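*Asks:* Here is the input, now give the coordinates:
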Amino acid sequence: QVQVVESGGGLVQAGGSLRLSCAASGRTFSSSAMAWFRQAPGKEREFVAAINWSKSTYYRDSVKGRFTISRDNAKNTVYLQMNSLKPEDTAVYYCAADLAYGNYYSAGYHYWGQGTQVTVSS
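*Replies:* Numbers count the residues shown, from 1 in each chain. This is a model prediction of the structure:
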């Protein structure tokens with residue numbers, strides 16, 4: 001059974017940093033794209049960042065230069081380092097694995113985690 005589990009969320013002041021982790025189990029994802037999405041209250045889920053099998057990375061414009069996605073294939077884990085956090089980054093962050101259809105920015109991933117809350121206070 002494949003599982004994708006996020007961790008590392010929490011409460012941080014504006015300008016602070018957090019590192020999210022996403023641990024996958026049940027199969028290897030070393031040849032699969034993995035991504036982070038987020039959903040703020042009352043808003044639709046949106047793409048944050050993605051990393052493919054060759055470790056090429058993709059970001060939404062509002063997080064470029066502040067967030068960094070990386071992966072450790074030996075640990076079947078993907079990370080999201082978030083620096084210079086802003087109140088508008090407050091959301092539940094979801095990890096997604098194995099792109100089934102669409103492009104990296106779409107929600108067409110096969111596996112999803114339950115999410116981890118990130119709250120940035122002003």
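*Asks:* just checking, residue 14 touches residue 119?
*Replies:* No - between residue 14 and residue 119 no contact is recorded; they are 10.8 Å apart, counting by CB atoms under 8 Å. From N, CA and C alone the C-beta is placed, and that goes for glycine too.
*Asks:* what comes up buried for stretch 25-43?
*Replies:* The neighbour-count criterion (16 or more other CB atoms under 10 Å) identifies 29, 32-38 as the buried residues of stretch 25-43.
*Asks:* and the most centrally placed residue in the chain, what is it in contact with?
*Replies:* Within the chain, one residue has its C-alpha closest to the average C-alpha position: by CA atoms, centre = their mean, that is residue 36, at 2.2 Å. For residue 36, the residues meeting the contact criterion (CB atoms under 8 Å, 6 or more residues apart in numbering) are 20, 22, 48-50, 69, 78, 80, 93-96.
*Asks:* And the buried ones among these, selectable in ChimeraX?
*Replies:* Here is the ChimeraX command that selects the buried residues among the contacts of residue 36 (16+ other CB under 10 Å):
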select :20,22,48,49,50,69,78,80,93,94,95,96
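*Asks:* The contacts of residue 36 in strands, which ones?
*Replies:* Judged by DSSP state E, those include 20, 22, 48-50, 69, 78, 80, 93-96 as members of strands.
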